[in-house]
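Student: quick check, what structure comes out for this input:
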Amino acid sequence: MKQNQCSHNTLDCRSIGYFEYRAKCIRSNMVAIYTFCFCFSLRLGAIVIAVSSLIVSLFEISVLTECLENVHDTKHRLKELLQFLGLQGSWTKSIHLYRYLQYYMVGVSVFYSLLSLACVFLIMGAYQCRRVFIYPFLYLYIGYVAIGFVQRTLIFMYLIKQANGDLGTMILYYTIEFFIVLLHIYTWACVYNLIKALKSVEVSVTKRILHKARIGYLAPIRVHTGMAA
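Tutor: The predicted structure follows:
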């Protein structure tokens, strides 16, 4: 009786073969991503993405914690950086950057804490094939990409300024930035396609279980009818 029960949130992915899983992904009109790095499964890819994002999040939290312990030094360094890059303007006064810098850093720290939790849920969701655990990471990862983009842009602008605005250095750094953004888009797409793949396989397994349940239900009726005849 327990074997005929099926939950839309939980799925044993080992119940379906890799090639059948791959064929179902293609037939379900998904984006054409059914492997991670062209050789690993999306489940393994999601776990790798979650672990790497978790490491980055914990590192960012440690850096922000250290900055919060030395708020005055952080304000001074940030002011020097913005002046060096020529970004010191009225916008810093409009958002009260230096006055509320501490609260901004606390907010980012809370965001990275939530992202760390979402990474743990992603590992659980990919391992247990539970789509509901994957959704938080999918949404928070967009904010993670945006914050990382701002950080890298400031770092590259600083390095370009240090190189006296050399054109070759500028092209190099912004090419690196372009490929990093593409990598983020690819990793987000892999996690998104994992959700769609799990949904497709869940529907297939559910239909298979229902079909077996109907056969098991009708078989005694046929036997009883045959004996009566």
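
Student: avg pLDDT for stretch 140-151?
Tutor: Averaging pLDDT along stretch 140-151 gives 91.

Student: with stretch 192-207 instead?
Tutor: Average pLDDT, stretch 192-207: 77.

Student: got it, and stretch 63-71?
Tutor: Mean predicted lDDT for stretch 63-71 stands at 85.

Student: contacts for that stretch?
Tutor: 74, 101-102, 105-106, 108-109, 112 (C-beta atoms under 8 Å, 6 or more residues apart in numbering). In short, each C-beta sits where N, CA and C put it, glycine included.

Student: can you tell me which of those is nearest Lys161?
Tutor: Lowest distance from Lys161 to those (C-beta to C-beta) belongs to Thr74, with 20.2 Å.

Student: I figured that closest one was touching Leu101, is that so?
Tutor: Yes. Counting by C-beta atoms under 8 Å, Thr74 does reach Leu101; the two are 6.9 Å apart.

Student: give me the three-state assignment for Trp188.
Tutor: helix (DSSP: H, G, I helix; E, B strand; the rest coil).

Student: over to the closest residue to it other than its chain neighbours. Which of the three states is it?
Tutor: Excluding the flanking residues, the one nearest Trp188 by C-beta to C-beta, 6 or more residues apart in numbering is Tyr141, at 5.6 Å. Judged by three-state DSSP, the three-state class of Tyr141 is helix.

Student: same thing with Tyr34?
Tutor: Per three-state DSSP, Tyr34 ends up coil.

Student: that older thread, which among the contacts of stretch 63-71 end up buried?
Tutor: 74, 101, 105, 108-109, 112 (16 or more other C-beta atoms under 10 Å).

Student: one step back: which residues touch the residue nearest to Trp188?
Tutor: Taking C-beta under 8 Å, 6+ apart as the contact definition, Tyr141 lies against 53, 115, 118, 184, 187-188, 191.
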